[in-house]
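Peer 1: Build me a model from this:
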Amino acid sequence: MAEPVDAWWRRRQWSRGLPVPYAVGAFRADWAPYPVLVRQYHPDWNHGIVLSQVPPAAEVLLTWECDVGHVFVATPAEQRSRPGRERRRSVWCPECAVQAQPQRWPVLPQDWPTGVPVPQRVVRVAGRQTLPAAPSRGIPTRAVPGGPGAGAPGPGGGVPAGAVPSTRARPRRSDAGAPRRSGPSVPRSICPKTPRLPSGESFTSRCAPATASAVEAELRAALVERFDFTFDHTAIRLDRPFFDHVEAWPDVILPELRVAIEYDSTGRHGLEHVGPRQETDRRKDRAVRGVGWEVIRIRTGRLQALGPYDLEVSGISGRTIDRLAETLREIRGHLFVDAYAR
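Peer 2: Prediction:
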């Protein structure tokens, strides 16, 4: 079974009886045929262990960055088994693979993206004006210089929409002879203010909105009275874009437990956290759980639970805080949670 890189390194130190089980460069020849993987590997995100210290057959989870900036985890065997070694970048990154799937354009002229010319040919279907199917929303551009699939656009048409541009330096390569794609370009804007942290790290965000509910402030104050957690973090780094950011902003973040707490009510008009907005909550929970966190939602106003640890309550009270504390102990263990009790 694959294990985290730090646990794997400690185990190899113990089994080999050496502080450095594998010297730098020990497996350089094995990785040389995979220049794309060498470029995608981050030693600083893998506890300082360089790629040439990792046996290609090791069952260890390593952190990689695809050519457009998505961060993901995979074992050496998973990366090396990609057929062809130089396949297009949608194969290397799970997020790019999702975004490379073709999507349909808006079907009404008024919905067409601003600045994109509307095709002259308009067909009428069932008495309403519609536009013919158009290519994917992927950004039509050339392949990443020196990357897999250079000169051969992927199924999404170049850099996928929502990708975070990578800041890592790469060798430039001439585009002479590369085919050019025609068609409208609809780039998706991803906020660049999120710090480049490993997925799952919490931090104080410059983009997080201020607390808009007095009840959320009351909930935070009640937790501060009981526990000595770090309460100044406002965001969690995700491994894929969530709307226009690669970060999520739960109401309360407990970094020591890797637990996010959300307070949900139906709002003044009874429209909050219901219908489509409830589906957004589910998406957010999946994104946060996908990077190793757990989510507790405190659901009021007869809102039903969405997750296994959600609490259905009438409001914030001492009893609610007691139930929340017990839920934290259920998730992370009594000894660990009580170690932070005041």
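Peer 1: Can you list the helices and strands that the longest strand anywhere in the chain packs against?
Peer 2: In the chain, assigned by DSSP state E, the strand with the most residues is strand 235-242. Helices and strands touching strand 235-242, as assessed by 3 or more C-beta pairs under 8 Å, 6 or more residues apart in numbering; DSSP states H and E, comprise helix 94-99, strand 202-203, strand 245-248, helix 276-289. The C-beta positions use only the backbone N, C-alpha and C, and glycine is treated the same way.
Peer 1: who touches it?
Peer 2: Residues from elsewhere that reach strand 235-242 (C-beta atoms under 8 Å, 6 or more residues apart in numbering): 70-72, 95, 98, 162, 164, 188, 190, 194-195, 197-205, 207-208, 245-250, 253, 260, 283-284, 287-288, 290-291, 293.
Peer 1: Would you check how far apart the closest residue to Thr75 other than its chain neighbours and Val60 are?
Peer 2: Nearest non-adjacent residue to Thr75, counting by C-beta to C-beta, 6 or more residues apart in numbering: Ala2, 5.1 Å away. Computed as C-beta to C-beta, to the nearest Å, the Ala2 to Val60 distance reads 6 Å.
Peer 1: Now for those two: what residues contact both?
Peer 2: By C-beta under 8 Å, 6+ apart, the residues touching both Ala2 and Val60 are Thr75.
Peer 1: most packed of the helices and strands packed on strand 235-242?
Peer 2: strand 245-248 (a mean of 23; mean count of other C-beta atoms under 10 Å).
Peer 1: in which helix or strand would I find Asp322?
Peer 2: Asp322 is located in helix 318-332, with elements delineated by DSSP states H and E.
Peer 1: Could you pull out the buried residues of that helix?
Peer 2: Neighbour counts over helix 318-332 (16 or more other C-beta atoms under 10 Å) mark 320-321, 323-325, 327-328, 331-332 as buried.
Peer 1: Can I get that helix as PDB, trimmed to CA atoms?
Peer 2: The C-alpha trace of helix 318-332 is given here as PDB (Å, rounded to 0.1, in the frame of the first residue of the first chain):
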ATOM      1  CA  GLY A 318     -24.200  25.600  25.000                       C
ATOM      2  CA  ARG A 319     -25.700  22.300  24.100                       C
ATOM      3  CA  THR A 320     -24.800  22.800  20.400                       C
ATOM      4  CA  ILE A 321     -21.200  23.500  21.400                       C
ATOM      5  CA  ASP A 322     -21.200  20.400  23.500                       C
ATOM      6  CA  ARG A 323     -22.400  18.300  20.500                       C
ATOM      7  CA  LEU A 324     -19.800  20.000  18.300                       C
ATOM      8  CA  ALA A 325     -17.000  19.100  20.700                       C
ATOM      9  CA  GLU A 326     -18.200  15.500  20.900                       C
ATOM     10  CA  THR A 327     -18.200  15.300  17.100                       C
ATOM     11  CA  LEU A 328     -14.700  16.600  17.000                       C
ATOM     12  CA  ARG A 329     -13.600  13.900  19.400                       C
ATOM     13  CA  GLU A 330     -15.500  11.300  17.300                       C
ATOM     14  CA  ILE A 331     -13.600  12.400  14.200                       C
ATOM     15  CA  ARG A 332     -10.000  12.900  15.600                       C
END
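Peer 1: what does whatever helix or strand comes next after that helix rub up against?
Peer 2: Later in the chain than helix 318-332, the nearest helix or strand by DSSP H and E is helix 334-338. Outside of helix 334-338, the residues within contact range by C-beta under 8 Å, 6+ apart are 227, 257, 325, 328-329.
Peer 1: Sounds good, over and out.
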